[in-house]
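Novice: Give me the fold of what follows.
(4 chains)
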4 protein chains.
Amino acid sequence: MEKIHYPFEIELDVRDYELDAQGIVNNANYQHYFEHARHQLLRKLNLSFVGLHDDGFDWVVHKVEIDYKRPLRSGDRFRVKVAAEQQGVRFVFYQEIERVSDGQIMTIGKISSVFMQNGRPVKPPQLVLDAYNSLYPGRKNPARSGGIQENAEQAD
Amino acid sequence: MEKIHYPFEIELDVRDYELDAQGIVNNANYQHYFEHARHQLLRKLNLSFVGLHDDGFDWVVHKVEIDYKRPLRSGDRFRVKVAAEQQGVRFVFYQEIERVSDGQIMTIGKISSVFMQNGRPVKPPQLVLDAYNSLYPGRKNPARSGGIQENAEQAD
Amino acid sequence: MEKIHYPFEIELDVRDYELDAQGIVNNANYQHYFEHARHQLLRKLNLSFVGLHDDGFDWVVHKVEIDYKRPLRSGDRFRVKVAAEQQGVRFVFYQEIERVSDGQIMTIGKISSVFMQNGRPVKPPQLVLDAYNSLYPGRKNPARSGGIQENAEQAD
Amino acid sequence: MEKIHYPFEIELDVRDYELDAQGIVNNANYQHYFEHARHQLLRKLNLSFVGLHDDGFDWVVHKVEIDYKRPLRSGDRFRVKVAAEQQGVRFVFYQEIERVSDGQIMTIGKISSVFMQNGRPVKPPQLVLDAYNSLYPGRKNPARSGGIQENAEQAD
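Specialist: Modelled structure (predicted):
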């Protein structure tokens, strides 16, 4: 498997209300973490989820696959990483959650999204594509095909 | 594709705090709906998530796959269905969310879980297997192999 | 203290994701329960929170006071009650959560709300006042002054 | 009114899933913000909510009063401040949420809590009192009486 290059990440702390009675973070909250990281990336690119909605583009998730490898616990600090790739009408995010204390991978997600305009799926707006491509300088259409993977010489 | 037989379902209403700024139910909440239906099924079987935890068995989700077909909105009432199948050390739930007003399938989920005891995955406790098998009277080990599928003569 | 007459209530089950690591329902969720009961009452009156928003009226909470008397736990079923009273520009809700199994009062809330139109507080829309007054047949302006209290002959 | 001195604060970003259909942060989430700030303060003092629970002390909220002055919106960054004062068996937190961009006070909270041991309220454990008193160096029993208020010469 080729290593994924994540051009963006945020760091967060577990909040105790996110725990459940087992004392571990409830599964649904990882979707919250993933979403927040994607939206913070949008902001870094001078776009916003709510702004796109107000412009008539609803960016909706239509499929998620999440592997819960290890549970986050009270007091854990973690990184939420984001890579993105256009696949036709879809915009697919590869995401990973890594515990800061020891670098362990806790959760891996593949989030497939699509833009809706007037109730129908449409191609991602060009300004979104341009913004994401800017994350991969020196590559041609990186978000379009394989741009998220490390170059061979970069992979460890 | 064979039709899945769901031996258990609950009915819920969308709660407005579950909506996001797009006016649709936020993706993470469907995991909440799925979880609540699974736990209510446990209760019907005279077991409980918290009780199992207190007995040393932590039932954890290790993988989810969710297809978001149509979004739930304010005012929607919906059914959350549950079928379950043992697959070796795993306990896999097939779940579906159906809008009550028109029977549309909104969301489909496959939730793979495992029991943890002293930090290690273990075979599902026999009382859990017995409880789930009781959902499929007249079938041999239904939760063990293919029990979740309709018989040909039952499918509509 | 005069007994409050609650003209509306809903019944809900604790959902396990609402518990925190102490095994009791996290405090913030009681605001969710209160809100959901208020919005279900609106629906019974043929109004809706989202519909009012789309019509330019944002119904916002500006003050809450909540007494947590006993915690709800996994498996508890409970009633969420609502009474409402207009107090000038404010619309004040008195709410109570009662455990079904034994009738114990778990939580008491006073939720003060106001309607915003174009960023400014405005008098509650007449259709909202009419709707709420319909909850108290045979009383004059019940939502306006003291309508939420039981008549002496009604109190038990 | 005397100015409150807040010896601790954290900075957070609004997460879009915290918004509701009105496009503002849902009221219940402010309780989450307040709680997270209190628990982060505990950690700074080398204590933890979950650790106290494991030691048999459940720190529970029994009353909240929250004034929602202005709503937080998508993209807002904010400070959550904490001051604390022992009042007999109670431990009262004064909290404030301030928008970073312009210093506006968005939300004010008074959160009254109590320690429970074996189902009964008990005096706050001495290590908790000592920890909180350490926030106010050079004052005698600051957490016990009036310690949260600025001295006249300190107030701006």
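Novice: just the strands in chain A please.
Specialist: In chain A, the segments counted as strands under DSSP state E are A:8-13, A:58-68, A:77-87, A:90-99, A:105-117, A:120-122.
Novice: What's the end-to-end length of stretch A:54-62?
Specialist: Start and end residues of stretch A:54-62 are separated by 20 Å (Cα to Cα, to the nearest Å).
Novice: does chain D sit close to it?
Specialist: No. No part of stretch A:54-62 sits near chain D under the criterion Cβ under 8 Å from any Cβ of the partner chain; the closest distance found is 9.0 Å. Every C-beta, even on glycine, is put in place using the N, C-alpha and C of the backbone.
Novice: Establish whether that stretch and chain B are in contact.
Specialist: Yes. Judged by Cβ under 8 Å from any Cβ, stretch A:54-62 comes into contact with chain B through A:58, A:60, A:61, A:62.
Novice: Would you check how far apart the residue nearest to residue A:13 when sequence neighbours are not counted and residue D:10 are?
Specialist: The spatially closest residue to residue A:13, leaving aside those adjacent along the chain, is residue A:77, at 5.2 Å (Cβ to Cβ, 6 or more residues apart in numbering or on different chains). Note on residue A:77: its distance to residue D:10, by Cβ to Cβ, to the nearest Å, is 13 Å.
Novice: more neighbours, those two?
Specialist: Using other Cβ atoms under 10 Å in any protein chain shown as the criterion, residue A:77 and residue D:10 rank with residue D:10 on top: 18 against 12.
Novice: What parts of chain A come near chain D?
Specialist: With Cβ under 8 Å from any Cβ as the criterion, chain A meets chain D at residues A:13, A:15-17, A:19, A:23, A:32, A:35-36, A:39-40, A:43, A:48-50, A:74-75.
Novice: Among these, name the buried ones.
Specialist: In the residues of chain A next to chain D, burial by neighbour count holds for A:13, A:15-17, A:19, A:23, A:32, A:35-36, A:39-40, A:48-50, A:74, counting by 16 or more other Cβ atoms under 10 Å in any protein chain shown.
Novice: which of those lies closest to residue C:108?
Specialist: For residue C:108, the closest of those turns out to be residue A:17, at 21.6 Å, with distances computed as Cβ to Cβ.
Novice: what about that closest one, distance to residue C:113?
Specialist: From residue A:17 across to residue C:113, the span is 24 Å (Cβ to Cβ).
Novice: How about residue A:120?
Specialist: When residue A:120 is compared with residue C:113 (using Cβ to Cβ), they lie 37 Å apart.
Novice: which of those two has more neighbours?
Specialist: It is residue C:113, of residue A:120 and residue C:113, that has more neighbours when counted by other Cβ under 10 Å, with 20 against 8.
Novice: which phi and psi does the residue of chain A most remote from its centre have?
Specialist: Going by Cα atoms, centre = their mean, the residue of chain A most distant from its centre is residue A:21, 27.6 Å out. Dihedral angles phi and psi of residue A:21 (degrees, to the nearest 10) take the values phi -70, psi -10.
Novice: Next, the contact list for it, please.
Specialist: Under the criterion of Cβ atoms under 8 Å, 6 or more residues apart in numbering or on different chains, the neighbours of residue A:21 are B:49, B:50, B:53, C:16, C:19, C:20, C:21, C:23, C:74.
Novice: List, one by one, the residues from chain A near chain C.
Specialist: With Cβ under 8 Å from any Cβ as the criterion, chain A comes near chain C at residues A:16, A:17, A:19, A:20, A:21, A:23, A:26, A:28, A:74.
Novice: out of those, who's nearest residue A:86?
Specialist: Compare each of those with residue A:86 using Cβ to Cβ and the shortest gap goes to residue A:28, at 27.3 Å.
Novice: Grab the nearest non-local neighbour of the closest one.
Specialist: Distances taken as Cβ to Cβ, 6+ apart put residue B:31 closest to residue A:28, at 3.9 Å, once the chain neighbours are dropped.
Novice: Surely the one you found touches residue A:31?
Specialist: Yes. Because the distance of 6.5 Å satisfies Cβ atoms under 8 Å, residue B:31 is recorded as touching residue A:31.
Novice: And residue A:123, how close does it get to chain C?
Specialist: Taking Cβ to the nearest Cβ, to the nearest Å as the measure, residue A:123 and chain C are separated by 29 Å.
Novice: Give me the residue at the spatial middle of chain A.
Specialist: The centroid of chain A falls nearest to residue A:82 when counting by Cα atoms, centre = their mean (3.8 Å).
Novice: Look at that residue and report its pLDDT.
Specialist: Among the per-residue scores, residue A:82 shows a pLDDT of 96.
Novice: What is the neighbour count of the closest residue to it other than its chain neighbours?
Specialist: Among residues not flanking residue A:82 along the chain, residue A:8 sits closest, at 4.7 Å (Cβ to Cβ, 6+ apart). Under the neighbour criterion other Cβ under 10 Å, residue A:8 is assigned a count of 18.
Novice: Also residue A:87?
Specialist: As a burial measure, residue A:87 scores 11 neighbours (other Cβ under 10 Å).
Novice: same check, this time on residue A:7
Specialist: When counting by other Cβ under 10 Å, one arrives at 18 neighbours for residue A:7.
Novice: How about the one 5 residues further on?
Specialist: The tally of other residues near residue A:12 (other Cβ under 10 Å) stands at 21.
Novice: gap between stretch A:55-70 and the chain center?
Specialist: Once both centres are worked out by Cα atoms, centre = their mean, to the nearest Å, stretch A:55-70 turns out to sit 8 Å from its chain's centre.
Novice: May I see the buried residues of it?
Specialist: Within stretch A:55-70, the residues that qualify as buried are A:57, A:58, A:59, A:61, A:62, A:63, A:64, A:66, A:68, counting by 16+ other Cβ under 10 Å.
Novice: Kindly reformat those as JSON lines and extend each row with pLDDT.
Specialist: Written out in JSON lines, the entries for the buried residues of stretch A:55-70 read as follows (pLDDT from 0 to 100):
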{"residue": "A:57", "pLDDT": "90"}
{"residue": "A:58", "pLDDT": "89"}
{"residue": "A:59", "pLDDT": "91"}
{"residue": "A:61", "pLDDT": "96"}
{"residue": "A:62", "pLDDT": "95"}
{"residue": "A:63", "pLDDT": "98"}
{"residue": "A:64", "pLDDT": "98"}
{"residue": "A:66", "pLDDT": "98"}
{"residue": "A:68", "pLDDT": "97"}
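Novice: With just CA atoms, put the longest helix along chain A into PDB.
Specialist: When every helix of chain A is counted residue by residue (DSSP state H), the longest turns out to be helix A:27-44. Output in PDB follows, covering the C-alpha atoms of helix A:27-44 (Å, rounded to 0.1, in the frame of the first residue of the first chain):
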ATOM      1  CA  ASN A  27     -17.800   6.200  17.800                       C
ATOM      2  CA  ALA A  28     -19.900   8.900  16.300                       C
ATOM      3  CA  ASN A  29     -17.500  11.600  17.600                       C
ATOM      4  CA  TYR A  30     -14.800  10.500  15.200                       C
ATOM      5  CA  GLN A  31     -17.000  11.600  12.400                       C
ATOM      6  CA  HIS A  32     -17.200  15.000  14.200                       C
ATOM      7  CA  TYR A  33     -13.400  15.100  14.400                       C
ATOM      8  CA  PHE A  34     -13.000  14.200  10.700                       C
ATOM      9  CA  GLU A  35     -15.600  16.800   9.700                       C
ATOM     10  CA  HIS A  36     -14.100  19.500  11.700                       C
ATOM     11  CA  ALA A  37     -10.600  18.900  10.200                       C
ATOM     12  CA  ARG A  38     -12.100  19.000   6.700                       C
ATOM     13  CA  HIS A  39     -13.900  22.300   7.400                       C
ATOM     14  CA  GLN A  40     -10.800  23.800   9.000                       C
ATOM     15  CA  LEU A  41      -8.900  22.900   5.800                       C
ATOM     16  CA  LEU A  42     -11.600  24.700   3.800                       C
ATOM     17  CA  ARG A  43     -11.100  27.800   5.900                       C
ATOM     18  CA  LYS A  44      -7.300  27.700   5.400                       C
END
